[in-house]
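In: Fold the following.
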Amino acid sequence: MDFTFTVEEEAFREEVRTWLRANVPTEKRPKEGQAMRAFDTAWQRRQHESGWGGIAWPVEYGGQGLSLVQQLIWHEEYVRAEAPPPGCMFVALSHAGPTVMLRGNAEQRALHIPRIIRGEAVWCQGFSEPGAGSDLASVRARGVVDGDDLVVTGQKVWTSYADVADYQELLVRTDPDSQRHAGLSWVICDMRAPGITVRPIRTMAGITTFAEVFYDEVRIPLGQVVGGLGEGWSVAMSTLSFERGTAMIPHQVELQRTVEQLIALAGEVTGPDGRRPAAADDEVRSRLARLRAEVAAMRAMTYASISRAQREDAPGPEGAMISLYFGELFQRVHDAAMDILGGESIERQGRAEAWTFRYLDGFKHTIAGGTSEIRRNIIGERVLGLPRGRA
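Out: Model prediction:
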């Protein structure tokens, strides 16, 4: 595996850098609500209209069809330019769209893919339930076939961006006699359909990007079932493999920058002795060195995953290793930031505001897409070939 870039790839890097320098929004991104949606969709449209939308997507679907190495370069320069996150476009771009491409029929692809790439449709994910979070096989929301429709009744929770979404990738049980993985279906749900109620959840970070969603006999055309009735588990695993795999690359790249910012912060904040900067303290320096080394290891893991993904059609279970490592490392980095800031972190203002927000918001990274325990099970069983534990 070669970790160096070719002359052509470095020229591509300069092209990316130049475009981002001229086009990254200068205004602050809203953290929630319709203002956030307007910002995120406008940024996606600007990228698409300039030929940079959907860099990982095939050309036939309106994307750029860039190689995985070019995608990595894009993400590295994207973070360096301090470009905004995809935000409420994340689900559509990173796993709903790819899942529909991979498992949807021609009609579903024609209807949904162009709207996603142009920034015209926001998606959310309807997988987790009060009794089926990491254990998706326990999904109880039901879909009953009635003529040409599925009639859906039930509840979902922790649904990101449900309050601003147009569509939802929805997992329901369509065989009432089935258990566990069997009898589930992956459905495209119109979030404006009658019978849907969305109740935002305010998190400890102070924002309402999560929500509960209730379904009261919501009618969804059978033509919106992806992969066929009863194939929902297989389709959902395709979705989660994207979320745990290539979709994590920009987060991993950004964390590298965050560690460097933390090192700079340690040079500005008074350390434990109350006299010198925190960076002058031996224990703080050692902790920062470990974090920098861990981020370097994560970068190597990312490069290895890209090399492996160039030989595969879809991300494999190895993506769980990177998402697990990232989620826990993100929290270690921000734990260190809180310790370095000390009492200043409690004030949640000035230079501490962003660090405290990311610390509180970052607990989601060891839950979303599967808890750390679920990811360890995936690694043990599907990567290492270990026997399943007792139920």
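
In: give me every residue that touches residue 46.
Out: residue 23 (CB atoms under 8 Å, 6 or more residues apart in numbering). All C-beta atoms are positioned from the backbone trio N, CA, C, and that covers glycine.

In: where in the stretch 201-350 of the chain is pLDDT low?
Out: 238-248, 307-318 (pLDDT under 70).

In: what about the strands in it?
Out: 210-221, 225-226 (DSSP state E, counting those that start in this stretch).

In: just those: most buried one?
Out: strand 225-226 (a mean of 26; mean count of other CB atoms under 10 Å).

In: helices and strands around that strand, which ones?
Out: Here strand 225-226 touches helix 97-103, strand 184-190, going by 3 or more CB pairs under 8 Å, 6 or more residues apart in numbering; DSSP states H and E.

In: Show residues contacting the last one.
Out: So that's strand 184-190. Counting by CB under 8 Å, 6+ apart, 99-100, 103, 108, 112, 126, 139, 143, 150, 152, 166-174, 178, 196, 218, 220, 224-233, 235-236, 239 sit against strand 184-190.

In: Touching, residue 250 and residue 75? I think so.
Out: Yes - look at residue 250 against residue 75 with CB atoms under 8 Å: they come within range, at 4.6 Å.

In: and the end-to-end length of stretch 195-210?
Out: Across stretch 195-210, the terminal residues are separated by 19 Å (CA to CA, to the nearest Å).

In: quick one: that stretch to chain centroid distance?
Out: How far stretch 195-210 lies from its chain's middle: 17 Å, per CA atoms, centre = their mean, to the nearest Å.

In: Would you indicate which residues of that stretch are buried?
Out: The neighbour-count check on stretch 195-210 (16 or more other CB atoms under 10 Å) flags 196, 198, 200, 205, 207, 209-210 as buried.

In: residues in contact with the residue lying farthest from the centre of the chain?
Out: Going by CA atoms, centre = their mean, the residue of the chain most distant from its centre is residue 275, 41.2 Å out. If you count contacts by CB under 8 Å, 6+ apart, residue 275 has none.

In: how far away is it from residue 38?
Out: As judged by CB to CB, to the nearest Å, residue 275 and residue 38 stand 48 Å apart.

In: list the buried ones in the helix or strand containing residue 10?
Out: Using DSSP states H and E, residue 10 falls within helix 7-23. Judged by neighbour count using 16+ other CB under 10 Å, the buried positions of helix 7-23 are 12-13, 16-17, 19-20.

In: picking up where we left off before, could you name the stretch from the strands of the stretch 201-350 of the chain that's closest to residue 116?
Out: strand 225-226 (14.1 Å; CB to CB).

In: Sketch out the helices for the stretch 151-300 of the chain, chain order is fine.
Out: 232-244, 249-266, 282-309 (DSSP state H, counting those that start in this stretch).

In: same thing with the stretch 1-150 of the chain?
Out: Under DSSP H, counting those that start in this stretch, the stretch 1-150 of the chain gives helices at 7-23, 33-49, 68-80, 90-91, 97-103, 106-117.

In: Tell me the one among the buried residues of helix 7-23 nearest to residue 4.
Out: residue 13 (12.7 Å).

In: ok, and the closest non-adjacent residue to that closest one?
Out: residue 73 (4.9 Å; CB to CB, 6 or more residues apart in numbering).

In: Tell me who's in contact with the one you found.
Out: Residue 73 neighbours (CB under 8 Å, 6+ apart): 5, 9, 12-13, 16.

In: same check, this time on residue 125
Out: Counted by CB under 8 Å, 6+ apart, residue 125 has contacts 91, 95-96, 159-160, 168-169, 239.

In: Bridged to it, which residues?
Out: residue 169 (DSSP bridges).

In: any idea how far it lies from residue 296?
Out: For residue 125, the distance to residue 296 - CB to CB - is 32 Å.
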